[in-house]
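next come a sequence and a model predicted from it.
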Amino acid sequence: MERLKENALIVFYRYPELGKVKTRLAKELGDEFAFEFYSKCSSYVLEKLTSLNNIEVYIFFSDNKDISKFDNQFKFILSSQVGNSLGQKMNQAIKDVLCLGHKKVIICATDTPDLGKSNISDAFMSLEKSDFVFGPAVDGGYYLIGMKEEASFLFENMTWSHSDVLKESLSRIKRKNQSSSLLERLIDIDTKEDLLVWLSTSGDDYFKESINALYTKSF
């Protein structure tokens, strides 16, 4: 029987469908662009995660019925999100994975194109000395959160999608007399402004060029 891996990565994933992904981006650049961008970005991020060593990867789908549509060529463990709000879904996913016996768990999404193997590895290393780890997003939220025990207090009565999400999370941890670490700041892409800032930064030129071409074509 294969020994359970100590570290687990949860990836929140929405199966790409026209008109159902990156809705804030779609309002500015159209449904087709949002669909094409998310399809490319999510595939790009998931492919990078296949090179992780000694880490179990769980893909949590926003809709259970979409699991059968997913080409699971990388043999991820597939599950579905449970809950009414983002906070409830994240909290339940973390609880479920920790209950399997993993010692450290990290959760991220697929809309941060610069997220890579080094960020994930750094996050798990940070949990050696801290109770929590966050990957700060440029917009004031976070693209990644990790922990060693369930922490419902970080997800209950939290208002999401505003510039103080990370600040509020760190304050809650401090009030519990627990510790946290921060990774490098990255851009998660929800709006046209996010996209343009990301396109202006250095990174994987080939992937960035493909998204820039997609953006240019949308006009």
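Received it, and whenever you're ready, just let me know what you need. Residues are numbered from 1 along each chain as shown.

so Asp66 sits in a strand?
No - Asp66 is assigned helix when assessed by DSSP: H, G, I helix; E, B strand; the rest coil, not a strand.

how about the contacts made by it?
Contacts were defined as Cβ atoms under 8 Å, 6 or more residues apart in numbering; by that measure Asp66 touches 14-15. Heads up, the C-betas are built off the backbone N, CA and C, glycines and all.

quick one: it from Phe60, how far?
11 Å (Cβ to Cβ, to the nearest Å).

next one: Val45
Separation of Val45 from Phe60 (Cβ to Cβ) stands at 14 Å.

between the two, who's got more neighbours?
Neighbours per residue, other Cβ atoms under 10 Å: of Val45 and Phe60, the larger number sits with Phe60, 23 against 20.

how about the longest helix seen in the chain: buried residues?
Longest among the helix segments of the chain by residue count, using DSSP state H, is helix 31-49. Neighbour-count burial for helix 31-49 flags 31, 33-42, 44-46, 48-49 (criterion: 16 or more other Cβ atoms under 10 Å).

cool, stretch 176-194 as well?
Within stretch 176-194, the residues that qualify as buried are 180-181, 183, 186-190, 194, counting by 16+ other Cβ under 10 Å.

filter those residues down to the ones in strands?
Among the buried residues of stretch 176-194, the members found in strands (DSSP state E) are 180-181.

just the buried residues of stretch 176-194 now: which is nearest Asn84?
Asn84 lies nearest to Asp190 out of these, by Cβ to Cβ, at 20.6 Å.

got a list of what that closest one touches?
22, 24-25, 111, 139, 161.

so for it, what pLDDT did the model give?
In the prediction, the pLDDT value recorded for Asp190 is 93.

and if you look at the one 5 residues further on?
pLDDT, Leu195: 96.

quick one: it and Leu25 touch, right?
Yes - between Leu195 and Leu25 there is a contact at 7.0 Å, judged by Cβ atoms under 8 Å.

what's the overlap in contacts for the two?
Overlap of the contact sets of Leu195 and Leu25 (by Cβ under 8 Å, 6+ apart) consists of 37, 189.

now for Glu150, how many residues are close by?
Residues near Glu150, counting by other Cβ under 10 Å, number 17.

my error: substitute Val11 in the last question.
Residue neighbour count, defined by other Cβ under 10 Å, stands at 21 for Val11.

Gln88 too?
The number of residues packed around Gln88, counting by other Cβ under 10 Å, is 15.

list the contacts of it.
82, 155.

next one: Phe70
By Cβ under 8 Å, 6+ apart, the residues touching Phe70 are 15, 59, 61, 78.

what's the separation between the third one and Glu47?
Summarising the geometry, the distance separating Phe61 from Glu47, computed by Cβ to Cβ, is 18 Å.

now the helices for the chain?
Under DSSP H, the chain gives helices at 23-29, 31-49, 86-99, 117-126, 165-175, 192-199, 205-217.

buried ones in the shortest one?
Translated: helix 23-29. 25-26, 29.

remind me what that helix packs against, helices and strands.
Packing partners of helix 23-29 (3 or more Cβ pairs under 8 Å, 6 or more residues apart in numbering; DSSP states H and E): helix 31-49, helix 192-199.

averaged pLDDT, that helix. What do you get?
The pLDDT scores in helix 23-29 average 95.
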